[in-house]
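J.: coords below, sequence missing:
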């Protein structure tokens, strides 16, 4: 919570009882504790402690998202190059998919699953070289896709490759696993929020079966069935479309200006148009097209929900509850070392992430207002809570030294004990 440098060497250097970083390394890599058990206990505790702060189940959301934990060097287990949407690069990173529970002021990270690319999981290049020794493996995405179609049927006849292939999970599969795990933990949520990457039939089907509402961003090129809705022009005449489908981005120019309505969410006002449409594989959904200004300039936010009875304001408000996931990533990386680990084994990295979740949860509980008023906003930030923990450690250190001096220990002996760490405190 308090050290800017999260390396094993620096953490060990700042622990009074041990100056050997191998002790901390063993704690993370081979000590007999399981992160799943710790995480289960953490979630139960967090739900108990936030009972009076949370909103009702129907208004609580589970947010699905993923982030990149970037690193330099390829010695980390399962490290690979993943696409960074913010700058279009492919840095070396781990790519955990996470679930975060948001209910009023309560924001609890629940769990994560590490996404591994298909070629990394299956060691695809090694098997291509094994079965096609003269094949040059291309570097461009299009050429590699073509090569997959050519060689994968042969690779699947290799039992070792087939076993690795069976272990592969898409981000959608990992997201479904996180939803099922949250339900198994009895986390009270009624809505699942995610971005367009996770808007897939498999996930939506699970949410429908579990009777969960969902809200998602939709890609602008997603096709709508034109016979599922009626749109009128400024003169009130029905608009006829040429084909059975139209992309969302192509629908926007047909919408008359007076069809947009001002929608206020918090202190912000958006100009929205909404209608119920049907999409292939998703069925009947409500579409919301939202601009940040009355002139409808700039990029429109395109939202979908499986609740056709919800208003544009309800859908916008619900989707904006996704933001605490971004602040968790920011605080987790900036204050708690979510991406600052230097352990190489998958087990140690997983335990590090588990402890980051534990630290964040305790800090967040400290941020919640002690008032019994349901929904009271947090009284401080995660950064404030971290600084208070640092101050508390300094206070305890000063009190420790003061107590030893009052007991008659010479100052040089006390300081030698603090700086040497391992040396026993001598009796004067």
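T.: Nice, thanks for sending it over. All of these numbers come straight from a predicted model, not from anything done at the bench. Residues are numbered from 1 along each chain as shown.

J.: Which stretches in the protein count as strands?
T.: Remark: strands assigned in the chain by DSSP state E are 61-66, 69-70, 80-81, 92-103, 106-115, 191-194, 213-217, 223-225, 245-247, 261-265, 268-279, 283-291, 301-305.

J.: Do me a favour and average the pLDDT over stretch 123-137.
T.: Averaged across stretch 123-137, the pLDDT comes to 94.

J.: Looking at the strands of the chain, which is nearest to residue 32?
T.: Proximity to residue 32, assessed across the strands of the chain by C-beta to C-beta, is greatest for strand 106-115 (21.4 Å). (Each C-beta comes from the backbone N, C-alpha and C, glycine too.)

J.: which helices and strands sit right next to that closest one?
T.: Counting contacts by 3 or more C-beta pairs under 8 Å, 6 or more residues apart in numbering; DSSP states H and E, strand 106-115 is packed against helix 35-49, strand 92-103, helix 171-184, helix 323-335, helix 346-367.

J.: which of the residues in the last one are buried?
T.: Just to be clear, that refers to helix 346-367. 348-367 (16 or more other C-beta atoms under 10 Å).

J.: what's the angle from it to helix 323-335?
T.: 110 degrees (axes from the mean of the first three to the mean of the last three C-alpha atoms, to 10 degrees).

J.: so what's residue 94 closest to, chain neighbours aside?
T.: residue 69 (4.5 Å; C-beta to C-beta, 6 or more residues apart in numbering).

J.: Do a quick rundown of the helices in the stretch 101-250 of the chain.
T.: In the stretch 101-250 of the chain, the helices defined using DSSP state H, counting those that start in this stretch lie at 118-122, 124-131, 141-155, 159-167, 171-184, 201-209, 248-251.

J.: would a markdown table of those with mean neighbour count and distance to residue 58 be doable?
T.: Output for the helices of the stretch 101-250 of the chain, formatted as a markdown table (neighbours: other C-beta atoms under 10 Å; distance: least, C-beta to C-beta, whole Å):
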| stretch | mean neighbour count | distance to residue 58 |
| --- | --- | --- |
| helix 118-122 | 18 | 38 |
| helix 124-131 | 16 | 45 |
| helix 141-155 | 13 | 42 |
| helix 159-167 | 13 | 37 |
| helix 171-184 | 18 | 15 |
| helix 201-209 | 16 | 14 |
| helix 248-251 | 18 | 28 |
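
J.: Okay, buried residues for the longest helix along the chain please.
T.: As assigned by DSSP state H, the longest helix anywhere in the chain is helix 382-406. By neighbour count on 16+ other C-beta under 10 Å, the buried set for helix 382-406 is 382, 385-386, 389, 401, 404.

J.: Show me the two of those residues that sit farthest apart.
T.: Across the buried residues of helix 382-406 (C-beta to C-beta), the longest gap, 33.4 Å, separates 382 and 404.

J.: do you know how far residue 108 is from residue 64?
T.: 14 Å (C-beta to C-beta, to the nearest Å).

J.: More neighbours: these two, which one.
T.: Shown here are residue 108 and residue 64; by other C-beta atoms under 10 Å, residue 64 has more neighbours (28 against 24).

J.: any idea of the pLDDT on the closest residue to the more buried one other than its chain neighbours?
T.: With sequence-adjacent residues excluded and distances taken as C-beta to C-beta, 6+ apart, residue 64 is closest to residue 194, at 4.2 Å. In this model, residue 194 is scored at 97, pLDDT.

J.: what's residue 194 in contact with, if anything?
T.: By C-beta atoms under 8 Å, 6 or more residues apart in numbering, the residues touching residue 194 are 63-65, 175, 203, 214, 216, 322.

J.: could you redo these as TSV and give each row distance to residue 306?
T.: Listed next are these as TSV, based on distance: C-beta to C-beta, whole Å:
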residue	distance to residue 306
63	16
64	15
65	19
175	16
203	11
214	5
216	9
322	16
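
J.: In those, find the pair that's most separated.
T.: 203 and 322 (15.3 Å).

J.: Give me the neighbour count for the residue nearest to residue 94.
T.: 24.

J.: for residue 285, same thing?
T.: Number of residues near residue 285 (other C-beta under 10 Å) recorded here: 22.

J.: Residue 275 is in contact with that one, correct?
T.: No: under the criterion of C-beta atoms under 8 Å, residue 285 is not in contact with residue 275, lying 10.2 Å apart.

J.: so where's the stretch 301-428 of the chain uncertain?
T.: Scanning the stretch 301-428 of the chain for pLDDT under 70 picks out 371-375, 420-428.

J.: one more time with 90
T.: The stretch 301-428 of the chain contains residues with pLDDT under 90 at 340-344, 369-379, 393, 397, 400, 412-428.

J.: who touches residue 333 in this structure?
T.: Counting by C-beta under 8 Å, 6+ apart, residue 333 makes contact with 69, 339-340.

J.: of those, closest to residue 251?
T.: Closest to residue 251, out of all of these and judged by C-beta to C-beta, is residue 69, at 38.1 Å.

J.: who's in contact with residue 83?
T.: With contact taken as C-beta under 8 Å, 6+ apart, residue 83 is in contact with 89-90.

J.: Same question for residue 232.
T.: Residues near residue 232 by C-beta under 8 Å, 6+ apart: 238-239, 256.

J.: From what I see, residue 82 and residue 96 are in contact.
T.: No: taking C-beta under 8 Å as the definition, residue 82 is not a contact partner of residue 96, at 10.6 Å.

J.: what sits in contact with each of these two?
T.: Common neighbours of residue 82 and residue 96 (criterion: C-beta under 8 Å, 6+ apart): residue 115.

J.: Quick check: which ranges of the stretch 151-300 of the chain have low pLDDT?
T.: In the stretch 151-300 of the chain, residues with pLDDT under 90: 233-236, 242, 266, 280-281.

J.: Hmm, residue 265 and residue 317 touching each other?
T.: Yes: using C-beta under 8 Å, residue 317 is in contact with residue 265, at 5.2 Å.

J.: Count the residues that sit near the residue nearest to residue 318 when sequence neighbours are not counted.
T.: In space, not counting the residues next to it along the chain, residue 318 is nearest to residue 215; the distance is 4.8 Å by C-beta to C-beta, 6+ apart. Neighbour count of residue 215, defined by other C-beta under 10 Å: 26.

J.: Residue 23 against residue 9, yeah?
T.: No: if you go by C-beta under 8 Å, residue 23 and residue 9 don't touch, sitting 11.7 Å apart.

J.: ok, residue 279 - contacts?
T.: Taking C-beta under 8 Å, 6+ apart as the criterion, residue 279 is in contact with 222-225, 285, 304.
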